[in-house]
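Colleague: just a sequence and a predicted model for now, questions to come.
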Amino acid sequence: MTIPGPTVHQQLMDAFKRLTEQLEQDRKGMHDVQKEYEQLDAERDDALRSLAEHYLPELTADAIASTWREVQSEISTLLLQKEDEDRSLQEELKQLQKNRGATEKALVEATNVLDVAILEQNEVSAVVEKRLQEDTHFVELADRAAIAEITLERAESNLHEIDQDAARKLPSYQASTLFQYLYDRGYGETRYRSRGLTRRIDRWLARYIDFTKARQGYDFLKQTPDQMRKIIADDRRSLNIVMEELERKRDRIANAQGLPEKINLTERFTKDRQQCLQTANFISESINEAEDRIRDLSDPRGSYYQQAIELFRQTLVGFKSSDLKKRAEATKDDLTDDQIVARISGVESDRGDLQEASRDRRNLQKQKQDVIEELGRVIQRFRAAHFDSVRSHFLDTLNIDEEISYTEDAEDARKLWQKIRRSQRWGDHDSEEDAGGASLKQVLVNAMGKAAGEERGDDARRAGSRRMEYDSTSDARSGVGDYSADSSGDHSR
């Protein structure tokens, strides 16, 4: 029992939506925390004015009102900029979420259309393959292609061996001074003209190094590879002639059944789906960026706060230490030190607890956001792999809801993708095809394999696959430069 790909896809999207809604509810709860902050800040309003360390505890209106007058104007401008950006991002996020919904709907529709087109294409492909297998001439040609492939593979293997042998042995011939002397003089050939003492010395040297046998081995290593390459090129041309006839038969039947139109339609729908997928991915990334920025803006000690602190620091640099001391002493106002410390201690204790709780909640929100973003990437990979197709199935041991319940951080979410991949299976089809449907080339390979029968089916498939890589216009040396053969043993064909 398996689970259809669209079902798992829907489960992933439902989990993504559920986690997003939970995160949004948690964020709304942070507004209540802000109200508690405001209440505490009101209670300690005058007390915080006396502490230099808390001149600007956070980038809020209350905090700015509590700090030095010399920087209030500039820091207030920063606060206004932050609030404006937050409002703008909230509107942008709403629009992006609306666009994501529409895009995901379009993606599901595009996937369904593509699935239908692929199924129709595969049905026609199966008919074409069956018609080809019923053609006796096609069967004969497929058998000839299989035999030619076996011959060609054997020749290529021999060439590979002899090339390696030549690479090992030729340097020793070329390093032999006596052999090269006799070889260059043409000893043993009609062009050799030496007489008298020179001829007798050359004859003695030839016997000494067994030149006749050495020359035969040398000529074999030098000449055989090129001869074999010419033979291989002839064999390939012969195979191509057979393959061209096989292709013509395939094309006639494929055209009669309308297979090229089905393939073109599938390719067009594949491009349409890919465009929808790219748009959905872009929107998801944009939402993640907006969410990250909103999270930063909601943090009173975020990036704008860091700008304010730097501005404050630059202002403090202009004051002497004595002036800073006087300013600190002047913050006591009419209250006694004990009253200020008692008031600060009580409020700061409550505020510290609230800050710690808020920090923990923000960390949890960040952790949840990381999980949501990683789950979004899992969905993107799921779609890119076409696992949402009706032809895709998953083992029933895969339980998305259970896996999500165990997901606590981004690493767990990343592992989810590996579990999904291990559980995925494609639907059965007699033809060898990829997830995008059978091409004309693949149809030919499949038909040749089946037509050649069980004994030579694999050879016929390899012959058809070779045709995908080489065409009939290849010259005598095309594509064989990396093949070599063995000079030892019998290299006759």
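Modeller: Structure's in. What do you need?
Colleague: residue for residue, what is the longest helix the protein has?
Modeller: Ordering each helix of the chain by length in residues (DSSP state H) puts helix 69-134 first.
Colleague: against which helices or strands is the helix or strand following that one packed?
Modeller: Next along the chain after helix 69-134, taking DSSP states H and E as the criterion, comes helix 136-175. Applying 3 or more Cβ pairs under 8 Å, 6 or more residues apart in numbering; DSSP states H and E, one finds that helix 136-175 contacts helix 177-185, helix 211-257, helix 440-451, helix 453-469. C-beta here means a position set from N, CA and C on the backbone, and glycine is covered the same way.
Colleague: between helix 136-175 and helix 453-469, how many degrees?
Modeller: Helix 136-175 runs at 60 degrees relative to helix 453-469, counting by axes from the mean of the first three to the mean of the last three Cα atoms, to 10 degrees.
Colleague: so where is the protein shaky, pLDDT-wise?
Modeller: The chain contains residues with pLDDT under 70 at 29-34, 37, 41-57, 66-68, 312-313, 315-349, 351, 354, 427-438, 466-493.
Colleague: what do you get if the cut-off is 50, keeping everything else the same?
Modeller: Within the chain, the ranges that satisfy pLDDT under 50 run 44-54, 320-321, 334-341, 344, 428-436, 471-493.
Colleague: quick check: which element contains the most centrally placed residue in it?
Modeller: Nearest to the geometric centre of the chain sits R381, at 8.6 Å (Cα atoms, centre = their mean). Remark: R381 resides in helix 337-384, with elements defined by DSSP H and E.
Colleague: that helix: what's the following helix or strand?
Modeller: Where DSSP H and E defines the elements, the next helix or strand beyond helix 337-384 is strand 392-395.
Colleague: what's the closest non-adjacent residue to E92?
Modeller: A290 (5.8 Å; Cβ to Cβ, 6 or more residues apart in numbering).
Colleague: just L311 next, same as before
Modeller: E74 is the one closest to L311 (Cβ to Cβ, 6+ apart), at 5.8 Å.
Colleague: hmm, Q314 and that neighbour touching each other?
Modeller: No: counting by Cβ atoms under 8 Å, E74 does not reach Q314; the two are 10.0 Å apart.
Colleague: out of these two, which sits in the more crowded spot?
Modeller: Comparing E74 with Q314 by other Cβ atoms under 10 Å, the one with more neighbours is E74, at 14 against 10.
Colleague: just want the angle from whatever helix or strand R295 lives in to helix 69-134.
Modeller: Using DSSP H and E, the element containing R295 is helix 259-298. On the basis of the same axes, to 10 degrees, helix 259-298 is oriented at 160 degrees to helix 69-134.
Colleague: and helix 259-298, what's buried?
Modeller: By 16 or more other Cβ atoms under 10 Å, the buried positions in helix 259-298 come out as 259, 262-263, 265-266, 269-270, 272-273, 276-277, 279-281, 283-284, 286-288, 290-291, 293-294, 296-298.
Colleague: likewise for stretch 4-14?
Modeller: Residues of stretch 4-14 classed as buried by neighbour count (16+ other Cβ under 10 Å): 4-6, 8-9, 11-13.
Colleague: helix, strand or coil: sort out E408 for me.
Modeller: coil (DSSP: H, G, I helix; E, B strand; the rest coil).
Colleague: same check on M13?
Modeller: Relying on three-state DSSP, one would call M13 helix.
Colleague: ok so, going back, can you lay out the helices and strands packed on helix 136-175 as JSON lines showing mean neighbour count and distance to V124?
Modeller: Shown next, in JSON lines, are those (neighbours: other Cβ atoms under 10 Å; distance: least, Cβ to Cβ, whole Å):
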{"stretch": "helix 177-185", "mean neighbour count": "15", "distance to V124": "64"}
{"stretch": "helix 211-257", "mean neighbour count": "17", "distance to V124": "5"}
{"stretch": "helix 440-451", "mean neighbour count": "24", "distance to V124": "9"}
{"stretch": "helix 453-469", "mean neighbour count": "18", "distance to V124": "19"}
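Colleague: quick one: closest of the ones you listed to A146.
Modeller: Nearest to A146 among the helices and strands packed on helix 136-175 is helix 453-469 (3.8 Å), distances taken as Cβ to Cβ.
Colleague: wait, G5 touches D388, no?
Modeller: Yes: using Cβ under 8 Å, G5 is in contact with D388, at 5.2 Å.
Colleague: mind listing the shared neighbours of those two?
Modeller: Taking Cβ atoms under 8 Å, 6 or more residues apart in numbering as the contact criterion, no residue touches both G5 and D388.
Colleague: just to revisit the earlier point, return the distance of the residue nearest to L311 relative to R383.
Modeller: Per Cβ to Cβ, to the nearest Å, E74 is found 48 Å from R383.
Colleague: what do you get for T198?
Modeller: 83 Å.
Colleague: so which of those two has more stuff around it?
Modeller: Set side by side, T198 and R383 show more neighbours around R383, with 23 against 11, by other Cβ under 10 Å.
Colleague: show me the contacts for the more buried one.
Modeller: 9, 107, 111, 277, 280.
Colleague: closest to V443 among those residues?
Modeller: Looking across these and measuring by Cβ to Cβ, the closest to V443 is T111, at 24.0 Å.
Colleague: how deep is the closest one tucked in, by neighbour count?
Modeller: 23.
Colleague: which ones are touching it?
Modeller: Applying Cβ under 8 Å, 6+ apart, the residues near T111 are 6, 273, 383, 386, 388-389.
Colleague: what's the answer for D26, then?
Modeller: Counting by Cβ under 8 Å, 6+ apart, D26 has contacts 361, 364-365, 368.
Colleague: chain center to the helix or strand it falls within: distance?
Modeller: If you go by DSSP H and E, D26 is part of helix 5-43. Here helix 5-43 is found 31 Å from its chain centre; the criterion is Cα atoms, centre = their mean, to the nearest Å.
Colleague: again with stretch 103-121
Modeller: 22 Å.
Colleague: over to stretch 203-218?
Modeller: Chain-centre distance of stretch 203-218: 61 Å, with Cα atoms, centre = their mean.
Colleague: and that stretch, end to end?
Modeller: 19 Å (Cα to Cα, to the nearest Å).
Colleague: and for it, what's in contact with it?
Modeller: 169-170, 173, 176, 178-179, 181-183, 187-188, 487.
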